[in-house]
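Student: Give me a model of this one.
(chains A and B)
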2 protein chains.
Amino acid sequence: MSPDRFAALWRSLLPIGRAGRDGGYVRHSWAAADLECREWFAEEALDRNLTVDTDGNGNLFAWWGDPTAADAVVTGSHLDSVPHGGAYDGPLGVVSGLLAIDELRERGVTPRRPIGLVVFTEEEGARFGVACLGSRLLTGAMDPARARKLTDRDGVSLAEAMARADADPDRLGPDPARLGRIGAFVELHIEQGRALVDLDAPVGVASAIWPHGRWRMDFTGEANHAGTTRMTDRRDPMVTFAAAVLAANEEARRQDAHATVGRVEATPNATNAIASTVAAWLDARAADEATLESLVDAVRRRADERAAHDGTGFALTPESESPTVEFDTALRDRIAARLGQAPVLPTGAGHDAGVLAAHVPTAMLFVRNPTGVSHAPAEYASDADCALGVNALADTLEELAC
Amino acid sequence: MSPDRFAALWRSLLPIGRAGRDGGYVRHSWAAADLECREWFAEEALDRNLTVDTDGNGNLFAWWGDPTAADAVVTGSHLDSVPHGGAYDGPLGVVSGLLAIDELRERGVTPRRPIGLVVFTEEEGARFGVACLGSRLLTGAMDPARARKLTDRDGVSLAEAMARADADPDRLGPDPARLGRIGAFVELHIEQGRALVDLDAPVGVASAIWPHGRWRMDFTGEANHAGTTRMTDRRDPMVTFAAAVLAANEEARRQDAHATVGRVEATPNATNAIASTVAAWLDARAADEATLESLVDAVRRRADERAAHDGTGFALTPESESPTVEFDTALRDRIAARLGQAPVLPTGAGHDAGVLAAHVPTAMLFVRNPTGVSHAPAEYASDADCALGVNALADTLEELAC
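Tutor: Residues are numbered from 1 along each chain as shown, chains lettered A, B, ... in the order given. Reported below is the predicted structural model:
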């Protein structure tokens, strides 16, 4: 696969959902840009004579071979983005899957096992708040009744968003038959750090995903006039929130883990009114589950103490929690060997592959990201590295399916 | 004036702009609810055979007597609200003005001077960020070219918002002829604290307005992935913002002043992305200008220091600053005496009366607020106290105009 061949297909997806000024992407699941990405995928799949079908959760599949046969080798990723995210997180795995099929056909190989390519829905959780929503629903890790009621920032439920896109929310839920036909899953993804840069390697293989989760933090106080309310009479939730942000940052550094507050919503959010409520979200990750629990406990304890001091309320509610994922050791060693001893590395980011790994032998490939930046427009991989990624994915599919 | 008479007119305004769930109001200038409030006012004024006209800044006037005569006695307030604000802040002064004219007519008095009733535009600054925008434009305290370019949260400029409401933004600007015809200005307002409750008095007279202002705080960092970016590699503006919120709170307590951060906007505002920027607004007030300057300087210094520590950027930009307003002493003593030695008290809140006071002998009346809450739905005054407020305003207008 040449870099130019990669670039030609890559460029055809780039205009969809580009959000203007900063070069970032806004592709939220079931919204217009996402639906356009899905159409793009279905057209590319049909151009390749792949059989396209969709499960009840909006996860799109394209098949080379019999979709109803057992022991399929499936690759894929997602097309949705975080708000103003980069171009590569998700789409690189989908584009690489299409091109890996092209590459295998040009090699003249005949797969023994069906090869599937999947686009999972709402991987980022950017619209409805639950990461890997599509794969969680498929595998039964997410209750469909709860999923239907998830709402976006405008109060639109997942059920409503699906109905507007002519999808049937009553079909949401686990699909054990489909899942049972998947014999192996491989997700190719842009690296979200600088490990491959440091190792001078274009492609790596994942060892594990750090345990991680997101927790909603609700700070409650009393709205009042910013000018006339004595400081001692205030119950200002913004102050408690600020203390919680600093506590999360300090505890993560202390415990060698990661904690981030990237989203905050104050009400009424007016310059001259003390806030009545502040909602914010804690993203926490650590190398092991004990450290993650200790980190979140410490943030909760310190926010509780500060709330008592400020006369405010504080509640911490888990929205999604993902345990450590150790990818299948035999599969990963087989792939690393096939790729000429590619480096093996862990990641702090969740992926649909992490959800699938509880059910199916699963592996991940990472493609070098020279900026190390992720979830932002500076996220990047060279066409040359992406083409090497396609070849590595084709080698992996050939190793497993042929 | 009976409490029932007050309540009847008061209730006719209540449905406009009520924002549902929390009982609060969203009446942002030039938007639908504001335009409906203006129509309500114009109809009530015409029902009373008052002459209605509008200056180039959208400030609505109704006149009992000759609008072109000099030395008018003008009362009034505003109809716009903070987001999810209370019903009384602003509208109480307008409704009381209409009823005070009814009361004077029933008393059979004949004003020597014209009596005007004004509804100022965008007093709260809730849409375009500059408090008392209408009165500042009228008096020349705000540059009309700068005003035209002010934008709301959706990027709509004041000029565009006016044009959509069939108002001509080219007419924005000072109106010295109109201002010169105003011989005295009296604004009645709900109290925004508990001083009158403590004094057991239904109505008070203002002595002064604390100096105050709002400053935009821009924190800049680098968007990145929440899961994969090492804590030491981050430039997270949310952390610097949090430190600034706590610094503002501590400095205000230390200096016996008021500081509030009630509005914050993170970008991209995603749970699993480190923010690239956080914008927030500081509202600061103090009993004297030296303390206010010292407070804002301390917040700036501490945020600068924290930004250097966090590898982020910080900028503090004044959006509006209001010096101390000492209301006309002779006028205030005359009114307090006429009202039977009503209590005289300062306020931390800005008002159009504070802007007018630089040009015209100006006074304010406050009506007791048993909750002490302001800029929130719990803001309240009893019908009985409001009727006493109408009588006090009628007494004041009679004292000055007859």
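
Student: Counting neighbours, what do you get for A:Glu250?
Tutor: 16 (other Cβ atoms under 10 Å in any protein chain shown). All C-beta atoms are positioned from the backbone trio N, CA, C, and that covers glycine.

Student: Roughly how far does it sit from A:Asp283?
Tutor: Distance from A:Glu250 to A:Asp283, counting by Cβ to Cβ, to the nearest Å: 16 Å.

Student: same deal with A:Ala31?
Tutor: From A:Ala31 over to A:Asp283 the distance is 22 Å, taken as Cβ to Cβ.

Student: same deal with A:Val245?
Tutor: A:Val245 sits at a distance of 12 Å from A:Asp283 (criterion: Cβ to Cβ).

Student: residues shared between the contacts of the two?
Tutor: Taking Cβ atoms under 8 Å, 6 or more residues apart in numbering or on different chains as the criterion, A:Val245 and A:Asp283 both touch A:Val261.

Student: The most far-flung residue of chain A relative to its centre: what secondary structure?
Tutor: The C-alpha centroid of chain A is most remote from A:Thr228, which lies 45.4 Å away (Cα atoms, centre = their mean). A:Thr228 carries the three-state label coil when classified by DSSP: H, G, I helix; E, B strand; the rest coil.

Student: That one and B:Gly350 touch, don't they?
Tutor: No - here A:Thr228 lies out of contact with B:Gly350, judged by Cβ atoms under 8 Å, at a distance of 10.3 Å.

Student: how near is A:Met142 to A:Gly155?
Tutor: Spatial separation of A:Met142 from A:Gly155 under the definition Cβ to Cβ is 20 Å.

Student: In terms of neighbours, single out the busier of these two.
Tutor: Between A:Met142 and A:Gly155, A:Met142 has the larger neighbour count (other Cβ under 10 Å), namely 23 against 7.

Student: Which of the three states applies to the more buried one?
Tutor: coil.

Student: helix, strand or coil for the nearest residue to it once chain neighbours are set aside?
Tutor: Across the structure, with Cβ to Cβ, 6 or more residues apart in numbering or on different chains as the measure, the residue nearest A:Met142 apart from its sequence neighbours is A:Arg136 (3.7 Å). With three-state DSSP as the basis, A:Arg136 sits in helix.

Student: pretty sure A:Arg136 is touching A:Leu356, no?
Tutor: No - the pair A:Arg136 and A:Leu356 fails to qualify as a contact (Cβ under 8 Å) at a distance of 10.2 Å.

Student: and for those two, which residues touch both?
Tutor: With Cβ under 8 Å, 6+ apart as the test, A:Arg136 and A:Leu356 reach no residue in common.

Student: Show me how chain A divides into domains.
Tutor: A:3-210+A:324-401, A:212-322 (automatic domain parsing).

Student: Just send those back as a markdown table, with mean pLDDT too.
Tutor: Formatted as a markdown table, these follow (pLDDT from 0 to 100):
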| stretch | mean pLDDT |
| --- | --- |
| domain A:3-210+A:324-401 | 95 |
| domain A:212-322 | 96 |
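
Student: Mind jotting down where the helices sit in chain A?
Tutor: Ranges of helices in chain A, per DSSP state H, are A:3-13, A:32-47, A:91-107, A:133-139, A:144-149, A:158-164, A:176-180, A:195-199, A:237-254, A:289-310, A:329-338, A:352-356, A:383-401.

Student: any chance of these in TSV, plus distance to B:Asp200?
Tutor: Written out in TSV, the entries for those read as follows (distance: least, Cβ to Cβ, whole Å):
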stretch	distance to B:Asp200
helix A:3-13	71
helix A:32-47	61
helix A:91-107	69
helix A:133-139	59
helix A:144-149	51
helix A:158-164	54
helix A:176-180	73
helix A:195-199	71
helix A:237-254	32
helix A:289-310	31
helix A:329-338	78
helix A:352-356	65
helix A:383-401	77
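
Student: With respect to A:Asp218, which of those lies nearest?
Tutor: Distance to A:Asp218, taken as Cβ to Cβ, is lowest for helix A:237-254 among these, at 8.6 Å.

Student: by contact count, what packs against that closest one?
Tutor: Of the remaining helices and strands, those touching helix A:237-254 by 3 or more Cβ pairs under 8 Å, 6 or more residues apart in numbering or on different chains; DSSP states H and E are strand A:212-220, strand A:258-267, strand A:277-285, helix A:289-310, strand A:313-322, helix B:237-254, strand B:258-267.

Student: Of these, which is nearest B:Glu191?
Tutor: Closest to B:Glu191 of the helices and strands packed on helix A:237-254, according to Cβ to Cβ: strand B:258-267, at 15.9 Å.

Student: Make TSV from the helices and strands packed on helix A:237-254 and add distance to A:Ala131 to it.
Tutor: Written out in TSV, the entries for the helices and strands packed on helix A:237-254 read as follows (distance: least, Cβ to Cβ, whole Å):
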stretch	distance to A:Ala131
strand A:212-220	7
strand A:258-267	13
strand A:277-285	10
helix A:289-310	15
strand A:313-322	6
helix B:237-254	20
strand B:258-267	19
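
Student: B:Ala19 is nearest to which of these?
Tutor: Once Cβ to Cβ is applied to the helices and strands packed on helix A:237-254, the stretch that comes out nearest is strand A:258-267, at 11.3 Å.

Student: Quickly run through the sheet partners of the closest one, with directions.
Tutor: strand A:277-285 (antiparallel) (DSSP bridges).

Student: C-alpha coordinates for the strand it pairs with, CSV please?
Tutor: In CSV, the C-alpha atoms belonging to strand A:277-285 read as follows (Å, rounded to 0.1, in the frame of the first residue of the first chain):
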residue,chain,number,x,y,z
THR,A,277,-25.4,24.6,40.5
VAL,A,278,-22.2,23.5,38.7
ALA,A,279,-22.0,20.2,37.0
ALA,A,280,-18.6,18.9,35.9
TRP,A,281,-17.2,15.6,34.8
LEU,A,282,-14.1,13.8,36.2
ASP,A,283,-12.1,11.6,33.9
ALA,A,284,-9.8,9.4,35.9
ARG,A,285,-7.4,6.6,34.8
